[in-house]
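turn this into a structure:
(one chain, ligands or ions: 2)
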Amino acid sequence: MAKTRTQFICQNCGTVHTRWAGKCDACGEWNTLIEEGTSGGIGSGPAAMRSARKGRPVTLTTLSGEIEDAPRIASGIGELDRATGGGFVRGSALLVGGDPGIGKSTLLTQAAAALAGKGHRIVYVSGEEAVAQIRLRAQRLGVADSAVELAAETNVEDILATIAEGKRPDLVILDSIQTLWTDMAESAPGTVTQVRSSAQALIRYAKSTGAAIVLVGHVTKEGQIAGPRVVEHMVDGVLYFEGEGGHHYRILRTVKNRFGPTDEIGVFEMSDKGLREVSNPSELFLGERHAKSPGAAVFAGMEGTRPVLVEIQALVAPSPLGTPRRAVVGWDSPRLAMVLAVLEAHCGVRFATHDVYLNVAGGYRISEPAADLAVAAALVSSLTGLALPADCVYFGEISLSGAIRPVAHAQQRLKEAEKLGFGEAVLPKGSEEISGGIGSRAFQPATLTDLVVRIAGSLRRNADD
Ligand code: TYD
Ligand code: MG
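Residues are numbered from 1 along each chain as shown. Ligands and ions are numbered 1, 2, ... in the order given. This is a model prediction of the structure:
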């Protein structure tokens, strides 16, 4: 018999180490290595399967063939369906991750009730809350009388036996994956091994029966509980539910989707009666605008197929420090460093003795390079103390040479801006054909210097008045 060895598994990324260390070499996280028996390690199967077993041939099939009709079940909650790419896919597994308390259980309770209302069989299994607590939440959400089937259970085998009874469920929600444990693995609940084995069993169930499953996973910074990252590659879709402390709105972001686009977001607002859909996010992000102050520029961005307007705020202040501060919220800090360098090198705008703070309003997060131009405009505006025109939107990518490069969907961005009452736009030259009122008044600089000159020029115009 093989000697039992112990091994250490990173609870963040699942890498197996032979000896303990403070830091995981693979993912760089600290204090995430936990001792687990080899018998339950990653890569090993259930105990019964490890003994040499003769393979059983499976039937090979073709790409064409029968597909169950209506492969998706749409919840009718527009923002959720948008993020999932049109509804939950039968036979697939979806991971919904997010910080504790962000509203994952609330969202899924609402989705469950909406689907049950359409006649689907929905099972909600909670490993975190007692039935009474879930009922209380359902009452608060006004869905207490919906036909969702409820259980408080954490053992995977028991859960599978329970849902195997009666009609096959259309959707099974497991809240949360970290509380589940299976007899197949020997480690404690919440460890990587348990989380993976449990997820594996449930995914196998989904694939073999055609039921859709949703796994809820908490993201913890400490890495004490196995992060949902270890199951990300096993599931068909990953949605992250995000929000900033102090703000009421939540963003459901598609990180992975085997059956649809990955750049969609769904926007919700948390109210005392649960999550409310926000179908026009631009109005939300521009809601608290003080248009007249220097350092603010409105960026016309895209999230998947939808344009989103958001305010970018910059504060450039003289620094008492030898190495001035650069702080960014909602954007990439290397990208800010790049825009600052281009402004210094090509436009003669100096930030070396100034602290620079950049914030994307409302706690929103931008990942598009198209925001470069709006960021540059906000920075120059703050440094010079000149407010930008209140009804102007900006978009365009800045290259290291100082040239402004075209970005996709110019027409759609302009249309959204026009709809929200903006009358001016600054955008790259040579983007697609632009038309319409705002398009004809657009300023299209070829280089960043042209934009700086235009902003500085407004000082001269003001002085002339
Ligand atoms: P919850 O869905 O339990 O979060 P998670 O499952 O992600 O841990 O939501 C918890 C928070 O949401 C809690 O702080 C209270 C708030 N909340 C509301 O503001 N309104 C509501 O109607 C509900 C049900 C929750
Ligand atoms: Mg919860």
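
what parts of the stretch 151-300 of the chain come near ligand 1?
Residues of the stretch 151-300 of the chain lying close to ligand 1 by CB under 6 Å from any ligand atom are 270, 272, 273, 274. Placement of C-beta: from N, CA and C, glycine included.

most surrounded residue in these?
residue 274 (20 neighbours; other CB atoms under 10 Å).

without its sequence neighbours, what residue ends up closest to it?
The spatially closest residue to residue 274, leaving aside those adjacent along the chain, is residue 141, at 4.3 Å (CB to CB, 6 or more residues apart in numbering).

residue in the stretch 151-300 of the chain nearest to ligand 1?
Nearest to ligand 1, among the residues of the stretch 151-300 of the chain, is residue 274, at 4.0 Å (CB to the nearest ligand atom).

mind checking how far that residue is from residue 77?
In this structure, residue 274 and residue 77 are 11 Å apart, going by CB to CB, to the nearest Å.

now list whatever residues contact both of these two.
Shared contacts of residue 274 and residue 77, defined by CB atoms under 8 Å, 6 or more residues apart in numbering, are found at residue 110.

what's the farthest-apart pair in the residues of the stretch 151-300 of the chain next to ligand 1?
270 and 273 (9.7 Å; CB to CB).

tell me the contacts of the residue nearest to residue 274?
106, 109, 110, 113, 273, 274.

dihedrals phi and psi, it?
Backbone torsions of residue 141, given as degrees, to the nearest 10, read phi -80, psi -10.

so what's the residue of the stretch 151-300 of the chain closest to ligand 1 up against?
Residue 274 is in contact with 106, 109, 110, 140, 141, 142, counting by CB under 8 Å, 6+ apart.

just the strands in the stretch 251-400 of the chain please.
Counting by DSSP state E, counting those that start in this stretch, the stretch 251-400 of the chain has strands at residues 265-271, 274-277, 296-303, 306-318, 326-329, 354-360, 392-394, 397-398.

elements contacting the last one?
Strand 397-398 is packed against helix 333-347, helix 372-384, strand 404-405, with contacts defined by 3 or more CB pairs under 8 Å, 6 or more residues apart in numbering; DSSP states H and E.

now the first one: buried residues?
This means helix 333-347. Using 16 or more other CB atoms under 10 Å as the test for burial, helix 333-347 gives 335, 336, 338, 339, 340, 342, 343, 346, 347.

what separation do you get for the last one and ligand 1?
Counting by CB to the nearest ligand atom, to the nearest Å, the gap from residue 347 to ligand 1 is 45 Å.

that residue touches residue 449, doesn't it?
Yes: with contact defined as CB atoms under 8 Å, residue 347 counts as touching residue 449 (4.9 Å).

common neighbours of the two, please.
Contacts common to residue 347 and residue 449, judged by CB under 8 Å, 6+ apart, are residue 402.

name the SS class of residue 27, please.
Residue 27 carries the three-state label coil when classified by DSSP: H, G, I helix; E, B strand; the rest coil.

and for it, the neighbour number?
Other residues near residue 27 come to 15 when the count uses other CB under 10 Å.

now swap in residue 54 and tell me
4.

where does pLDDT dip in the stretch 201-350 of the chain?
Applying pLDDT under 70 to the stretch 201-350 of the chain flags residues 220-228, 245, 287-288, 290-291.

repeat the analysis, applying 50 as the threshold.
Applying pLDDT under 50 to the stretch 201-350 of the chain flags the ranges 223-225.

at which residues are the helices of this structure located?
47-50, 78-84, 104-117, 131-141, 156-164, 192-209, 229-232, 281-285, 333-347, 372-384, 410-419, 437-440, 448-464 (DSSP state H).

please convert those helices to a markdown table, extending it with distance to residue 178.
Listed next are those as a markdown table, based on distance: least, CB to CB, whole Å:
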| stretch | distance to residue 178 |
| --- | --- |
| helix 47-50 | 23 |
| helix 78-84 | 22 |
| helix 104-117 | 12 |
| helix 131-141 | 17 |
| helix 156-164 | 13 |
| helix 192-209 | 6 |
| helix 229-232 | 10 |
| helix 281-285 | 30 |
| helix 333-347 | 31 |
| helix 372-384 | 38 |
| helix 410-419 | 39 |
| helix 437-440 | 49 |
| helix 448-464 | 47 |
